[in-house]
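>>> build me a model:
(one chain, ligands or ions: 2)
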Amino acid sequence: MNRVPAGRSVHVRVPASSANLGPGFDSIGLALGLWDDYVVTTSDTPGLVIEVTGEGAGEVPTDERHLVHATLEHTWGVLGVEPPTGLRLEAVNGVPHSRGLGSSATAIVAGVVAAQALSCDVLQGAYAGWPAPGDVVPVDLGLATHLASLLEGHPDNASASVLGGLTVSWMPDGTGLDEGERTVTARLDLHPDVEVVVFVPETQLATRTARAVLPATVPLASAAAGAGRAALLVHALTADPAHLHAATRDWLHQEARRPSYPDTMELVDLLRSQGRAAVVSGAGPSVLVLTTRDAADDVRAGHLASRWERLVPTVPTHGATVRAR
Ligand SMILES: Nc1ncnc2c1ncn2[C@@H]1O[C@H](COP(=O)(O)OP(=O)(O)OP(=O)(O)O)[C@@H](O)[C@H]1O
Ligand SMILES: N[C@@H](CCO)C(=O)O
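Ligands and ions are numbered 1, 2, ... in the order given. As a prediction, this is how the structure comes out:
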């Protein structure tokens, strides 16, 4: 088996994401212009060195359990290449952890694309040699979406982090993610009038915890109502933002999770009562407001308790990028 060569270094940038956007549970994702940056360098000196600054510094493990490192190893296994002898991972994280902003998907996507990039010429005979410093290193974005979605357990965050913009993901032949099925994603352009405001609390909520409280089944009427709003949501986000408030109504997950994030739902209820298209971002506890450009200043200026940090990220039109160093 070929080994990833020593003496290579890549700079990987991956955006955060907001999943669900109300009724698009486990399928709709939106990239957010908050970024994790990684430099991954191979060497022939055995060992692993991990340095983390920014979000998660002093909290995430800096050994082989680190999520990006574990993903690199997993991806090289899937690709059938031997990991390099030595590896250095420098992380500068701008995506808040466990706030519903897709931090785990961001990290997983970083690992998947870095692993592909560092072995690109080992895998692709047609690709001659290692790129010059600053050049984009080619990766298979479809494979990246699929592998990252499998590792994450749902495709909504991973697809937005890989592709940027607005994404809708589905499984061709079923409801669950498994090795035999490849995630498919449609990448949509957000209507140019749509802007986002994100309210981030100090409290954290692990996605695993938030998923554990969801019911196994929902009433047909709720499923039918949600399907209609999810369809309307795609129309509102791409063609007619006037429908955003109606389109972001959810019956599948937010109410079931209310006891897990009461302050979040209180803010969502308040903003919705004021006509804002407010939803829980991902599995919470952040709140995402989808607004139009003319109303964005009002949303940004609204009075808010001090425990909420207000962010105004762009929606990047591209997702993960990898450049040689
Ligand atoms: N950049 C990172 N480096 C290392 N580990 C990370 C990184 N980002 C996230 N993680 C790990 O993932 C955990 C958070 O994942 P989790 O799925 O619970 O929340 P999230 O992805 O931030 O939110 P959501 O999935 O609701 O959008 C962190 O506690 C940490 O263990
Ligand atoms: N669709 C997932 C997103 C987690 O970020 C959930 O709500 O559990």
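>>> where does the stretch 201-325 of the chain have low pLDDT?
In the prediction, the stretch 201-325 of the chain carries no residues with pLDDT under 70.
>>> alongside ligand 1, which residues does it contribute?
206, 207, 282, 283 (Cβ under 6 Å from any ligand atom). C-beta here means a position set from N, CA and C on the backbone, and glycine is covered the same way.
>>> for this structure, which residue gets nearest to ligand 2?
residue 282 (3.0 Å; Cβ to the nearest ligand atom).
>>> drop anything exposed from the residues of the stretch 201-325 of the chain next to ligand 1.
Neighbour counting by 16 or more other Cβ atoms under 10 Å classes 207, 282, 283 among these as buried.
>>> burial count for residue 307?
11 (other Cβ atoms under 10 Å).
>>> that one against residue 201, yeah?
Yes. Judged on Cβ atoms under 8 Å, residue 307 makes contact with residue 201 at a distance of 5.7 Å.
>>> shared neighbours, the two?
Overlap of the contact sets of residue 307 and residue 201 (by Cβ atoms under 8 Å, 6 or more residues apart in numbering) consists of residue 263.
>>> list the buried residues of stretch 48-62.
In stretch 48-62, counting by 16+ other Cβ under 10 Å, buried: 50, 52, 55, 56, 60, 62.
>>> typo on my end, stretch 244-264
Neighbour-count burial for stretch 244-264 [16+ other Cβ under 10 Å]: 244-245, 247-254, 257-258, 260-261, 264.
>>> looking at this structure, which helix is longest?
helix 220-238 (DSSP state H).
>>> any part of that one near ligand 2?
No. Under the criterion of Cβ under 6 Å from any ligand atom, ligand 2 is not reached by helix 220-238; the shortest gap measures 12.5 Å.
>>> if we can go back for a sec, and the residues of the stretch 201-325 of the chain next to ligand 1, which two are the farthest apart?
Spatially, the most separated pair among those is 206 and 282, at 11.4 Å (Cβ to Cβ).
>>> show the contacting residues for the nearest residue to residue 96 once chain neighbours are set aside.
Excluding the flanking residues, the one nearest residue 96 by Cβ to Cβ, 6 or more residues apart in numbering is residue 55, at 5.4 Å. Counting by Cβ under 8 Å, 6+ apart, residue 55 makes contact with 36, 93, 94, 95, 96, 97, 103.
>>> if I read this right, the fourth one contacts residue 36, doesn't it?
Put plainly, it is residue 95. Yes. Counting by Cβ under 8 Å, residue 36 is a contact partner of residue 95 at 5.2 Å.
>>> from memory residue 191 sits against residue 237, does it?
Yes. Counting by Cβ under 8 Å, a contact exists between residue 191 and residue 237, whose distance comes to 6.2 Å.
>>> between those two, tell me which one has more neighbours.
residue 237 (27 against 17).
>>> tell me which parts of the stretch 1-150 of the chain are close to ligand 1?
19, 36, 56, 60, 66-68, 91, 93, 97-105, 107.
>>> show only the entries of these found in strands.
19, 36, 91, 93 (DSSP state E).
>>> check those residues against ligand 2, which are close?
residue 19.
>>> would you list the buried entries among the ones in strands among the residues of the stretch 1-150 of the chain next to ligand 1?
Of these, these count as buried by 16+ other Cβ under 10 Å: 19, 36, 91, 93.
>>> stretch 195-203 near ligand 2 at all?
No. If you take Cβ under 6 Å from any ligand atom as the test, stretch 195-203 misses ligand 2, and the best it gets is 13.5 Å.
>>> what residues does that stretch touch?
With Cβ under 8 Å, 6+ apart as the criterion, stretch 195-203 contacts 18, 30, 32, 96, 99, 101, 263-264, 267, 281, 285-293, 296, 299-300, 304, 307-313, 315.
>>> what about it, distance to the chain center?
Offset of stretch 195-203 from its chain centre (Cα atoms, centre = their mean, to the nearest Å): 15 Å.
>>> cool, stretch 235-244 as well?
Using Cα atoms, centre = their mean, the offset of stretch 235-244 from its chain centre is 22 Å.
>>> alpha carbons only: can I get that stretch in PDB?
Output of stretch 235-244 as PDB, limited to C-alpha atoms (Å, rounded to 0.1, in the frame of the first residue of the first chain):
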ATOM      1  CA  HIS A 235     -38.800  28.600  -2.700                       C
ATOM      2  CA  ALA A 236     -38.500  31.300   0.000                       C
ATOM      3  CA  LEU A 237     -34.700  31.000   0.200                       C
ATOM      4  CA  THR A 238     -34.000  31.000  -3.500                       C
ATOM      5  CA  ALA A 239     -36.900  32.900  -5.200                       C
ATOM      6  CA  ASP A 240     -39.300  34.700  -2.800                       C
ATOM      7  CA  PRO A 241     -38.000  35.700   0.700                       C
ATOM      8  CA  ALA A 242     -41.400  37.200   1.500                       C
ATOM      9  CA  HIS A 243     -42.400  33.700   2.500                       C
ATOM     10  CA  LEU A 244     -39.500  33.100   5.000                       C
END
